[in-house]
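# This is a predicted model, with the sequence first.
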Amino acid sequence: MKRAVIGLSAFILTGILTFGLSAPAVAGDAYVTQPAGDGFAVASVEEAGAGGKNPQRAAYANVLSSGQFQSWLCSDGVNDSNCKPNEPNVDYQARQLLEPCVDAKSENCIESLSIISPDGTAHQAKLLETLPSNPALPAVPSQGLFESKGISLYQDDSVSPSAFYAVVFWNYLRYNASAGKWITTNIDASVYPYRVQLGSFSKNFVKDGIGVDNKPHLDDRSDPRCDWNDESRCGIRQDFAAGTRVKISARVAKTITGWFRGRITKPSISLTSFSEMNNAITVEGEEVNVPRMRAVLSPSTSTPEQQQAIINHGGNGGNTVFRNEVKYPFSNWGEFDWVEMFRGLANDTSAGLSTVWSFSTIDAAANNSCMADNSRVLGIVSTNATIFNGTTPTFENGMLSYKVAGMHYLPDGKNLSEGTYDLIMRSDVARCLYGFSKAPISATISVIGNNGESKTAVTTVGETDDGWLKLAAYGFTFSSPTIQVKLSQQDSQTTASSSAAKTAARSITCVKGKVTKKVTGTSPKCPAGFKKK
């Protein structure tokens with residue numbers, strides 16, 4: 001099985017371009033995985049986002065191992081007859097969008113969006129509007145719920161013509177009955193440019209409905225043609241221009257800590273206390289270019305195992321696998337077998353490229369206690385791979401490892417697809433893993449192909465004065481490299497001896513005529529008028 005393993009080792013800040021203008025900040029419409037028509041099916045890997053476009057608070061009940069469940073809206077939280085706080089077998093969940101901060105004291109909000117020029121100058125974008133949500137989600141302070149509307153749109157006037165962006169910053173919450181509060185468990189944010197197409201579009205909404213089992217199910221509707229829309233405007237996603245650097249600052253619940261994953265190169269992340277309930281988080285980095293997978297299946301070109309995989313990921317049985325222009329996507333992290341199963345049908349070639357800027361929390365438990373501190377930010381791991389592990393790096397056999405996979409070739413079928421990988425982690429986490437002292441850490445990064453041959457990659461390692469270890473590997477090829485990183489440190493006794501040698505006192509003899517003086521010190525010098533003998 002071809003699988004990339006990186007040894008060492010995360011809803012959307014979105015960009016818009018209004019009224020059909022083009023701007024230096026974009027590079028044309030983004031790639032979209034298409035259906036293939038009747039008689040075919042498509043197995044693809046999608047940039048998963050955060051599960052829908054519409055904010056909502058809802059109850060999920062009677063969940064079965066088969067995946068069946070019932071659901072209904074709880075827009076005002078757990079304070080009415082349909083949404084009772086201690087209802088058995090009912091789980092209350094919410095996904096809410098952060099709105100822009102109103103003032104310096106606002107909580108659970110977006111402070112700013114900035115675009116950074118190549119010279120390092122940050123240009124703060126101007127807020128244009130925040131779209132409504134349907135239904136409205138009011139604040140319920142007694143339950144810990146903040147108000148949530150829709151996507152917020154911004155304008156960057158530092159370029160001509162102006163560039164436009166939308167910010168979608170999802171917060172995920174669950175109701176904790178013992179605390180009597182909704183608790184924020186995860187965040188998911190990203191940025192992309194888009195243009196606006198005017199016309200008539202379907203209204204987005206979430207409402208109570210009835211499923212095919214004649215039981216309550218949410219009816220969640222959004223126009224599939226748009227990344228955001230109202231009834232007269234459709235936001236069409238576009239690609240970033242190469243090298244665009246984005247910075248987002250927000251105020252989030254103090255439950256948001258630990259590890260993050262991203263679609264960012266050269267990232268930085270910081271988290272500081274803002275208030276009793278909120279931390280201030282800032283994430284900065286350049287976009288990444290993600291190779292996309294699209295494999296077209298027909299009854300004659302696919303195996304029974306491939307057809308069953310389609311069925312297992314949402315397809316119907318029998319002839320319906322190849323009807324009605326079906327597309328069966330898969331998320332951008334998780335099952336590597338999905339990529340390997342359809343790699344041949346895709347000719348090991350990317351169908352397109354998407355520029356992405358995103359980050360999210362990692363909710364999976366770390367496999368090592370040194371990486372499990374939930375009181376602060378520990379690090380961020382980021383890659384442009386088509387599919388990736390999505391959890392914290394694993395620490396085994398003295399290596400930090402992270403799995404990725406992708407198509408071997410770019411869409412032209414000739415040039416190789418090149419991978420990026422960034423890991424920023426706190427230096428004290430690395431020292432804990434390896435039992436290191438406070439002396440400086442060094443690292444060796446090597447990229448090894450599946451046949452054991454050495455492959456070319458640009459690697460960087462550095463430890464900052466403020467306590468972060470930064471490691472990166474760029475330019476490695478898919479589908480199956482292994483990037484191995486071995487951290488090391490000079491022996492503490494050797495280090496101490498070396499340090500002592502550097503600081504040990506020594507003596508020199510100085511003369512002036514018949515007068516001789518002995519001068520002792522770590523860096524002895526002769527007095528004025530004397531010369532060293």
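Nice, I can see it. Residues are numbered from 1 along each chain as shown.

# Can you report how many residues neighbour A346?
Neighbouring residues of A346 were enumerated by other Cβ atoms under 10 Å; the total is 21. C-betas here are computed from N, CA, C, even on glycine.

# pretty sure it is touching L297, no?
No - counting by Cβ atoms under 8 Å, A346 sits too far from L297 to count as a contact (10.3 Å).

# and A385, which of the three is it?
Classification of A385 by DSSP: H, G, I helix; E, B strand; the rest coil places it in coil.

# Please, which helix or strand holds W338?
W338 belongs to helix 336-342 when elements are defined using DSSP states H and E.

# What's the mean pLDDT across that helix?
What helix 336-342 shows for mean pLDDT is 90.

# Same question for stretch 489-507.
Mean predicted confidence for stretch 489-507 is 47.

# pLDDT below threshold where in the protein?
Within the chain, the stretches with pLDDT under 70 are 1-26, 48-52, 64-67, 314-321, 323-325, 364-367, 446-456, 480-483, 490-507, 514-523.

# and the longest strand for it?
Within the chain, and with DSSP state E defining each element, the longest strand by residue count is strand 163-176.

# any idea which helix or strand comes after it?
Using DSSP H and E, the next helix or strand after strand 163-176 towards the C-terminus is strand 181-191.

# Show me what the helix holding W338 packs onto, helices and strands only.
Using 3 or more Cβ pairs under 8 Å, 6 or more residues apart in numbering; DSSP states H and E as the contact definition, the elements that helix 336-342 packs against are strand 41-45, strand 288-297, helix 304-312, strand 387-388, strand 399-405.

# contacts for that helix?
With contact meaning Cβ atoms under 8 Å, 6 or more residues apart in numbering, helix 336-342 is reached by 1-3, 43, 45, 293, 295, 297, 305-306, 309, 313, 330, 386-387, 403, 405-406.

# How far does it sit from its chain's centre?
Put simply, helix 336-342 sits 22 Å off its chain's centre (Cα atoms, centre = their mean, to the nearest Å).

# Going by neighbour count, list what's buried in it.
Taking 16 or more other Cβ atoms under 10 Å as the neighbour-count basis, helix 336-342 is seen to contain the buried residues 336, 338-342.

# The protein: helices as residue ranges?
Along the chain, the segments classed as helices by DSSP state H run 304-312, 336-342, 427-434, 492-503.

# Other residues contacting the third one?
Helix 427-434 is contacted by residues 368, 370-371, 373, 378-379, 395, 398, 400, 436-438, 441, 463, 467-469, 487, 489 when judged by Cβ under 8 Å, 6+ apart.

# Count the residues that sit near the residue lying closest to G419 once chain neighbours are set aside.
Counting by Cβ to Cβ, 6 or more residues apart in numbering, the nearest residue to G419 once its immediate chain neighbours are dropped is F476, at 4.7 Å. The criterion is other Cβ under 10 Å. On that basis, F476 has 26 neighbouring residues.

# quick revisit: could I get the longest strand of the chain in CSV with only the CA atoms?
This file holds the C-alpha atoms of strand 163-176, laid out as CSV (Å, rounded to 0.1, in the frame of the first residue of the first chain):
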residue,chain,number,x,y,z
ALA,A,163,-9.7,42.5,-2.6
PHE,A,164,-12.6,41.0,-0.7
TYR,A,165,-12.8,38.2,1.8
ALA,A,166,-15.4,36.4,3.9
VAL,A,167,-14.7,35.0,7.3
VAL,A,168,-16.4,31.8,8.5
PHE,A,169,-15.1,30.8,12.0
TRP,A,170,-17.0,27.9,13.4
ASN,A,171,-17.4,27.1,17.1
TYR,A,172,-18.7,23.6,18.1
LEU,A,173,-20.5,23.3,21.4
ARG,A,174,-22.2,20.5,23.4
TYR,A,175,-24.6,20.9,26.3
ASN,A,176,-23.2,19.7,29.6
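
# Which residues does stretch 238-246 contact?
13, 15, 17, 24-31, 113-116, 118, 191-195, 266, 284-287, 289, 353-355, 357.

# Check the gap between A41 and E305 for me.
In this view, A41 and E305 are 14 Å apart by Cβ to Cβ, to the nearest Å.

# Kindly report the same for F436.
Note on F436: its distance to E305, by Cβ to Cβ, is 47 Å.

# More neighbours: which of the two?
Neighbours per residue (other Cβ under 10 Å) separate F436 from E305, with F436 holding more: 18 against 8.

# Quick check: chain neighbours aside, which residue is closest to the more buried one?
Distances taken as Cβ to Cβ, 6+ apart place Q489 nearest to F436, at 4.6 Å, with adjacent residues excluded.

# Tell me, how many residues neighbour the one you found?
Using other Cβ under 10 Å, Q489 has 18 other residues around it.

# Over to D428?
The burial metric for D428, expressed as a neighbour count using other Cβ under 10 Å, is 16.

# quick one: it from G262, how far?
When distances are taken as Cβ to Cβ, D428 and G262 turn out to be 21 Å apart.

# How many residues are close by S275?
If you count neighbours by other Cβ under 10 Å, S275 ends up with 12.

# For stretch 351-358, buried residues please.
The neighbour-count criterion (16+ other Cβ under 10 Å) identifies 351-358 as the buried residues of stretch 351-358.

# any idea how far that stretch is from the chain center?
Using Cα atoms, centre = their mean, the distance from the centre of stretch 351-358 to the centre of the chain it belongs to is 13 Å.

# Residues contacting that stretch, please?
For stretch 351-358, using Cβ under 8 Å, 6+ apart, the contacting residues are 10, 12-13, 27, 30-31, 33, 44, 47, 188-192, 239-240, 244, 246, 262-264, 285-294, 384, 410-411.
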